[in-house]
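Student: Generate a structure from the sequence data that follows.
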Amino acid sequence: MQPKESRLSDFLNNPRRAMWKLAMPVMFGMLTMTIYSLADMFFVGKLGGDAITAVAFVMPLVFFALGITFGIGSGITAVIAKFIGEENKHQADNAAEHSILLGLVLGAIFTTGGLVFGSQLLTILGASGDVHQMGLGYFRILSFGFVFSVISVIFRSILTGEGDTKSPMIIQGFGTVLNIFLDPLFIFTFDLGVFGAGLATVVSQTITVLIFVYLLFFKKHAYVTFSPRDFSFSAKIVGKIMQIGIPASLSMIIMSFGSMIFNRILVLYGNDAVAGYTVAHRIDHIFFMPIGSIAQALVTLVGMFYGAKRFNLMRSIIFYGMARSIVISATLALIFWIYAEWIIAQFTAVDGIITVGKTYIRYLVFAYPLIAIGMTSGRVLQGLGKGLPMLVTTILRVIAISVPLSLAGIFWFDAPIEWIWTSMLISFFIAPLVAITWLLTNLKSIERASDFNPALKFSENI
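Tutor: Next comes the predicted model:
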């Protein structure tokens, strides 16, 4: 099969259609991942509250590793999209090859770190007794599969950068279905418990990576092409990826760090509090599906339009996507607020866990529209080659606002658990306002630098 042609001309001709064409496969891909996440929690929940809590302590550590990977992936997507917008295929190919190298290095580091320091990390996070033992077994098997998790994200980021979001969706969807099938087999039939859930994840991720390798290296499915024999390391290419990827990765690390702290605080209220927060936080993934998919589509489109110097189309598609995200988030917020208790009850019968999860959802949904604004702004700025804004707003939200407010309320005023949700809510109101201000400032700077005429009809070619 011959390599595909660039999708740039199609995207320029109909940006709105292009956004949905990119976003829908991403959303279905995120849907399958969310279904897996919820199914995984459903099966683990059958093992009891301690099993849920064990997984809850491990997830921030997994998110830490994958957060760094997704951050680097953002840099990969933006850099490849910009090179394609500039019609520089050689550099796009080069960036893709460097991306795989980065993925292999990251995977090796995460696997080694997880196996060597897993027990100590869980102890630091507050896991003890049976919860610690279950969590350690779960984390160790996941650590063996980190390299496959990382490479899978890298392949997806490469394809997304060239405008192909459908292929990753199909491949990851298959992996998710396989994972859901393997979960009950390993957990209950083979009686492996929480360890079995981790093993199912590793097996499915390994098969997913093998499919990606076959598609890209043997079938030559992608627009970018790979020539390992001709590979020549370029610090400049790595620097371009890291310029966006490092701040994005640090943002993910801070969010993971925040989750660890919240788990450490919530354990003061008992294991049910940690479990309730974990279940409810996974419900949040349903909200992030459409919002995150639109934001991801905008990274590709903004990168291509910016590289092609089509600033009128770039500005128009940004605000088109943001407006749709706000409407969707407000609708989901209303639905979640009404059905919060019923939703949580589908994953556990423990009253304490249901109460905590229900309360969390009914507080946080009020921030959904602003979260949509903040997420869209941060991802668009990545598409413009700027990774710092997302890092700064994440620091503001987690380190400067939500964590300090939570700690102050708990240790100084002996506040109830609702104060933690209030602290999060406050941070989600402030950080997005900073993000949108940053975006508007950058757009004005681009307009001035390019002698852009604001009077142009923004709907041109849309």
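Student: what about the residue sitting nearest the centre point of the chain, distance to A81?
Tutor: Closest residue to the average C-alpha location of the chain: F70 at 6.2 Å, with CA atoms, centre = their mean. To A81, F70 is 16 Å away according to CB to CB, to the nearest Å. Placement of C-beta: from N, CA and C, glycine included.
Student: Quick check, G135 in contact with I52.
Tutor: No: between G135 and I52 there is no contact under CB atoms under 8 Å: 10.8 Å.
Student: Looking at the two, which has the bigger crowd around it?
Tutor: Applying other CB atoms under 10 Å to G135 and I52 shows that G135 carries more neighbours, namely 29 against 26.
Student: phi, psi of that one?
Tutor: The phi/psi pair for G135 (degrees, to the nearest 10) reads phi -60, psi -40.
Student: what's the nearest residue to it if we skip its chain neighbours?
Tutor: Closest residue to G135 apart from its sequence neighbours, by CB to CB, 6 or more residues apart in numbering: A54 at 3.9 Å.
Student: Spit out the contact partners of the one you found.
Tutor: Neighbouring residues of A54 by CB atoms under 8 Å, 6 or more residues apart in numbering: A127, D130, V131, H132, M134, G135, Y138, V194.
Student: Which among those count as buried?
Tutor: A127, V131, H132, M134, G135, Y138, V194 (16 or more other CB atoms under 10 Å).
Student: Make CSV from those and add secondary structure to it.
Tutor: Shown next, in CSV, are the buried ones among the contacts of A54 (DSSP: H, G, I helix; E, B strand; the rest coil):
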residue, secondary structure
A127, coil
V131, helix
H132, helix
M134, helix
G135, helix
Y138, helix
V194, helix
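Student: Nearest to I241 among those?
Tutor: Y138 (31.5 Å; CB to CB).
Student: Quick check: the gap between that closest one and H281.
Tutor: On the measure of CB to CB, Y138 and H281 end up 17 Å apart.
Student: Same check on I353?
Tutor: For I353 relative to H281 (CB to CB), the value is 12 Å.
Student: More neighbours: the two, which one.
Tutor: Higher neighbour count among I353 and H281: I353, with 28 against 18, using other CB under 10 Å.
Student: Helix or strand for that one, just tell me which one.
Tutor: Under the criterion of DSSP states H and E, I353 resides in helix 351-364.
Student: so what does that helix touch, helix or strand wise?
Tutor: Under the contact definition 3 or more CB pairs under 8 Å, 6 or more residues apart in numbering; DSSP states H and E, helix 351-364 sits against helix 271-307, helix 311-345, helix 418-449.
Student: Give me the helices and strands touching the shortest one, please.
Tutor: Helix 418-449 sits against helix 235-266, helix 311-345, helix 351-364, helix 368-383, helix 388-395, helix 403-413, with contacts defined as 3+ CB pairs under 8 Å, 6+ apart.
Student: so which of these gets nearest R16?
Tutor: Across the helices and strands packed on helix 418-449, R16 has its closest neighbour in helix 311-345 (6.0 Å, CB to CB).
Student: Now the closest one: buried residues?
Tutor: 311-318, 320-322, 324-326, 328-329, 332-333, 336-337, 340, 343-345.
Student: cool, and stretch 79-92?
Tutor: Residues of stretch 79-92 classed as buried by neighbour count (16+ other CB under 10 Å): V79, I80, A81, K82, F83, I84, G85, E86, K89, Q91, A92.
Student: give me the low-pLDDT residue ranges for the stretch 101-250 of the chain?
Tutor: Nowhere does the stretch 101-250 of the chain drop to pLDDT under 70.
Student: residue ranges for the helices of it, please.
Tutor: Listed in chain order, the helices of the stretch 101-250 of the chain (DSSP state H, counting those that start in this stretch) span 129-144, 146-161, 166-184, 193-213, 235-266.
Student: Comparing those, which comes out most buried?
Tutor: Ranked by mean neighbour count under mean count of other CB atoms under 10 Å, the helices of the stretch 101-250 of the chain are led by helix 146-161, which reaches a mean of 26.
Student: burial count for the nearest residue to S251 once chain neighbours are set aside?
Tutor: Among residues not flanking S251 along the chain, T394 sits closest, at 4.0 Å (CB to CB, 6+ apart). Using other CB under 10 Å, T394 has 25 neighbouring residues.
Student: mind listing what T394 touches?
Tutor: Taking CB under 8 Å, 6+ apart, we find T394 in contact with L250, S251, I254, M255, A431.
Student: of those residues, closest to K220?
Tutor: Using CB to CB, S251 is the member of the contacts of T394 that lies nearest K220, at 34.4 Å.
Student: is it true that the closest one touches L391?
Tutor: Yes: S251 is in contact with L391 according to CB under 8 Å; the separation is 4.9 Å.
Student: Same list (the helices of the stretch 101-250 of the chain) but as CSV, adding distance to Y363.
Tutor: Putting these into CSV (distance: least, CB to CB, whole Å) gives the following:
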stretch, distance to Y363
helix 129-144, 26
helix 146-161, 31
helix 166-184, 30
helix 193-213, 29
helix 235-266, 13
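Student: Which of these sits closest to L121?
Tutor: In terms of CB to CB, the element of these nearest to L121 is helix 129-144, at 8.0 Å.
Student: Show the secondary-structure elements that the closest one is packed against.
Tutor: helix 49-85, helix 89-125, helix 193-213.
Student: If anything else comes up later, I'll come back, but that's it for now.
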